[in-house]
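1. quick one: sequence plus predicted model below, questions after.
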Amino acid sequence: MASAFFDEMGSRGAEVRQAYRTLQAWLDETPTEILTLRRDEAETFFRRIGITFAVYGEGGDPERIIPFDIIPRILEAAEWRQISSGLLQRVKALNAFIADVYGAQEILNASVVPRDQVLLNETWRAQMQGVAVPHNVYTNIAGIDMVRVGPEEFYVLEDNCRTPSGVSYMLENREITMRLFPDLFARHNVAPVDHYCDDLLKTLSSVAPRNCIGEPTVAVMTPGIYNSAYYEHSFLADQMGVELVEGPDLYVMDDVVYMRTTQGPKRVDVIYRRVDDDFLDPLTFRPDSALGVAGLMSAYRAGNVNLTNAVGAGIADDKAIYTYVPKMIEFYLGEKPILKNVPTWRCSEPGEAAYVREHLHELVVKEVHGSGGYGMLVGPKATKEEIGEFALRFAAMPEKYIAQPTLALSTCPTFVDEGVAPRHVDLRPFVLSGADMRVVPGGLTRVAMREGSLVVNSSQGGGTKDTWVLKG
Amino acid sequence: MLSRTADNLFWLARYMERAENLARILRVTDRLSLMPSTVDADGSEWHSTVVVSGCEEGFYEKHEEATPENVISYLAFDPDNPSSIRCCIETARRNARAVRTALTTEQWESLNAAWLELPGWNEARVRGSGLHRFLDWVKDRSLLFHGGTVATMLRRDSYYFTRLGTFIERSDNTARILDVKYHLLLPEHAEVGGGIDYYQWAAILRAVSGYRSYHAVYKEGLKPWLIAEFLIMREEMPRSLISCAAEMKDCLDKLGEEYGQRNEAHRMAGQVHSRLRFGKIEDVFRQGLHEFLTEHIAQNDRLGVEISRGYLM
């Protein structure tokens, strides 16, 4: 059964892959009791620091810890070179696409992407047409979800161009691994990730609005402590040494954004906002939003403040638009895509919807606008009843869905109740774009802790791993 | 710093201080209620505890009688009482979470640990000798937070707002304890006072960790007017009204220096402090101890409002 999947360490019986040799030897010499002890230590550490992920509306403790698997995932230098060049290429094209659709719309005029897919999309923000953003960069922080199915085969599963989260786990996981296993860490030449927050601040400072004078004042904007990613918001603000603001801390006067401080108003230039478009400004978007700031959009358009990621960036990470990314890369960059897309059926097209309807049991079907693993069907894992139920919802509104084949996600050795066993993983690296582009060597590896499960989302009980990129 | 951050720091310190004060008061009450019935003849100790904690109205909406069980349940655990120990710790931790970046690791961990351990305490576990273990636990958590604050926080605005919260709450609390028992401290009472009052006087001191300190300062037996003086005007006593006032004045002065501007809160803090600094305990008794304390509590409240208006909004 396990042999049907590519194991990154090397399936049982097969030869251990180069990157994992030291780890394998270490696992062989380390008794299970030590691993258990270390895992408990890690959990205590996460609880004490308060690294929690809030899951609401499901009962139980709302502040949960994402299970942390103590065994690192290891990528070779050469593997990472391929991934990172592919990431830079892809995010460059995504930014070009967003700039284009809110500007000249060349890609629509050339009919490479159908006009309706963009202009009738829920994530389309007409308010952004003709708004200039610094360096023409819309998604300053992008998280690209990738999976691996073979030694050389990486696929991009999903682009996250709005408010991708998880980078704090990448950093904290490294911190805890170095603390728990200094000996193991020292035996590897692992590329550091600690400079991510410096890079982030550089990126944010490089996209100051056009009317900013001098060094820009940067702030992180959070919906508040009840947001599932609140820990990350406060972590990033802390690491960058900038204020963590909520909507009510800000106000707009004469198209300038100020924060309320103990010494009176202070002007804010760049807001790394982790609040969705719809809630940013009750005057422009949802009037009932208490999370936003009245007049923020007007200050944004006036060039007095920059919002990152840009409003409307979601047009590039829509699951239907996803299918066009390889074409975007060719259209804007004239290059062949380095990273592959997963073949995808667009159910808005009747022929493809019909195929999907017939093959629900073997496909993964997702809502175009969904996220977090909610409302998706994993055909091969679903019961007859679940498929029947899903078929009804699907038939009512097929255009809401896309479908992909069930990928044979790679597995990594993971410490679970049964001992060390293979579990499926994915990878979310983070790409920063401002005046320059940067990607730190690593990312968030998410792991499905249950045997055979392919769902790695933390909202669905997935865990995380430290991700090591070896220096070449 | 953000006004909201300063506000959260101010209030989380207040809530931790309030939790500690409640624990102190409950402990003393419990001790008194164990005394021969002559000390607490009408069982009014538990009632006056409710009064000291400022929860009289809410308590009697829910309970008919101030029995030990009712009072402990309401003051320690009731989720409907925003000033219960449980709510204080929960609110402090919620505030802390909202401003974690302004806290040191030690401060955060002390608050987070308190919050994590809190669900382990409940009415059943504090029956009998469990009560003291619980109250000690509360006091320890609070002292750990104070210690973490003093030992690790940078001496700048965030520190001064945190300390302001602590002292404004402490000042209010000491004044309330005194006020509920003020009739016992009037000089004329000394003549009629006997053994019963002695325990009451001792209880007042114990509630503010002042029993042994009193003896160290006065080197004589408990005298009601000296107890009043000790808790109102002695600067060596860290929970006295004057100590709290001096600390607040100091914090505000430092803020004034750091920000290069002063406001109404500075004037008020100076006024509160000098009234205590240059007043005489005889004058306090002449004015009426109760009147004096009522006035002090009101002034303390106004100072809180001015701090809030000057910085936190």
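-> Nice, thanks for sending it over.
2. I'd guessed B:Asn173 sits against B:Arg18; true?
-> Yes. Judged on CB atoms under 8 Å, B:Asn173 makes contact with B:Arg18 at a distance of 7.4 Å. Heads up, the C-betas are built off the backbone N, CA and C, glycines and all.
3. neighbours of A:His100, how many?
-> Not quite, residue A:100 is Asp, not His. By the criterion of other CB atoms under 10 Å in any protein chain shown, A:Asp100 has 20 neighbours.
4. so what's it up against?
-> Going by CB atoms under 8 Å, 6 or more residues apart in numbering or on different chains, A:Asp100 touches A:Glu106, A:Ile107, A:Tyr332.
5. which of those residues lies closest to B:Ala6?
-> Checking the contacts of A:Asp100 against B:Ala6 by CB to CB gives A:Tyr332 as the nearest, at 47.5 Å.
6. what's near enough to touch the closest one?
-> With CB under 8 Å, 6+ apart, A:Tyr332 has these contacts: A:Lys92, A:Ala93, A:Ala96, A:Phe97, A:Asp100, A:Ile107.
7. between B:Asn173 and B:Arg18, which one's more packed in?
-> B:Arg18 (28 against 24).
8. doesn't B:Ile168 make contact with that one?
-> No. Under the criterion of CB under 8 Å, B:Arg18 is not in contact with B:Ile168, lying 10.7 Å apart.
9. how's chain B carved up into domains?
-> If you go by automatic domain parsing, the domain ranges for chain B are B:1-153, B:155-313.
10. quick check: end-to-end length of the last one?
-> Criterion CA to CA, to the nearest Å; first-to-last residue distance in domain B:155-313 is 22 Å.
11. how about B:Met237: what's its closest non-neighbour residue?
-> Take B:Met237 and drop its neighbours on the chain: the residue closest to it by CB to CB, 6 or more residues apart in numbering or on different chains is B:Phe230, 5.7 Å away.
12. in which helix or strand does that neighbour reside?
-> helix B:224-233 (DSSP states H and E).
13. is it correct that A:Gly442 falls within a helix?
-> No. Per DSSP: H, G, I helix; E, B strand; the rest coil, A:Gly442 lies outside any helix segment and is coil.
14. how near is it to A:Pro192?
-> A:Gly442 sits 9 Å away from A:Pro192, going by CB to CB, to the nearest Å.
15. try B:Ala19
-> B:Ala19 is 42 Å from A:Pro192, by CB to CB.
16. close to chain A, is the one helix or strand B:Asp140 maps to?
-> Using DSSP H and E, B:Asp140 maps to helix B:130-152. No. Contact check for helix B:130-152 against chain A, using CB under 8 Å from any CB of the partner chain: none in range, with a minimum separation of 13.5 Å.
17. I'd like the average pLDDT over the helix or strand following that helix.
-> Downstream of helix B:130-152, the next assigned helix or strand under DSSP H and E is helix B:157-180. Taken as a whole, helix B:157-180 has an average pLDDT of 94.
18. can I get the contacts of A:Asp100 in JSON lines including secondary structure and pLDDT?
-> What follows is the contacts of A:Asp100, written out as JSON lines (DSSP: H, G, I helix; E, B strand; the rest coil; pLDDT from 0 to 100):
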{"residue": "A:Glu106", "secondary structure": "helix", "pLDDT": "97"}
{"residue": "A:Ile107", "secondary structure": "helix", "pLDDT": "97"}
{"residue": "A:Tyr332", "secondary structure": "helix", "pLDDT": "98"}
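19. would CSV of the residues you listed with distance to A:Ser298 be doable?
-> Output for the contacts of A:Asp100, formatted as CSV (distance: CB to CB, whole Å):
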residue, distance to A:Ser298
A:Glu106, 28
A:Ile107, 29
A:Tyr332, 31
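20. which of those sits closest to A:Phe154?
-> A:Tyr332 (21.4 Å).
21. residues contacting residue 17?
-> Answering for chain A, as no chain was given. Shown in contact with A:Arg17 (CB under 8 Å, 6+ apart): A:Glu8, A:Met9, A:Gly10.
22. let me rephrase: I mean chain B.
-> B:Glu17 neighbours (CB under 8 Å, 6+ apart): B:Ser142, B:Gly165, B:Thr166, B:Glu169, B:Arg170, B:Asn173.
23. return the distance of it relative to chain A.
-> The spacing between B:Glu17 and chain A, counted by CB to the nearest CB, to the nearest Å, is 21 Å.
24. Three-state assignment for that residue, please.
-> Quick answer, by three-state DSSP: B:Glu17 is helix.
25. quick check: buried residues in the longest helix anywhere in chain A?
-> For chain A, the helix that runs over the most residues, judged by DSSP state H, is helix A:77-101. Across helix A:77-101, burial judged by 16 or more other CB atoms under 10 Å in any protein chain shown covers A:79-80, A:83-84, A:86-101.
26. quick one, strands of the stretch 51-200 of chain A?
-> A:53-54, A:63-64, A:68-75, A:141-148, A:154-160 (DSSP state E, counting those that start in this stretch).
27. the third one pairs with which strands, and in what direction?
-> Listed by DSSP bridges, the sheet partners of strand A:68-75 and their directions read strand A:463-469 (parallel).
28. before we move on, what about the last one?
-> The pairing partners recorded for strand A:154-160 under DSSP bridges are strand A:141-148 (antiparallel), strand A:340-341 (parallel).
29. may I have that strand exported as CSV, CA atoms only?
-> Below are the C-alpha coordinates for strand A:154-160, written out as CSV (Å, rounded to 0.1, in the frame of the first residue of the first chain):
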residue,chain,number,x,y,z
PHE,A,154,6.4,18.9,-8.0
TYR,A,155,3.0,20.3,-8.7
VAL,A,156,1.5,23.6,-7.6
LEU,A,157,-1.8,22.8,-6.0
GLU,A,158,-3.0,26.3,-5.2
ASP,A,159,-1.7,29.9,-5.2
ASN,A,160,-2.5,32.0,-2.1
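30. this completes my enquiry, with thanks.
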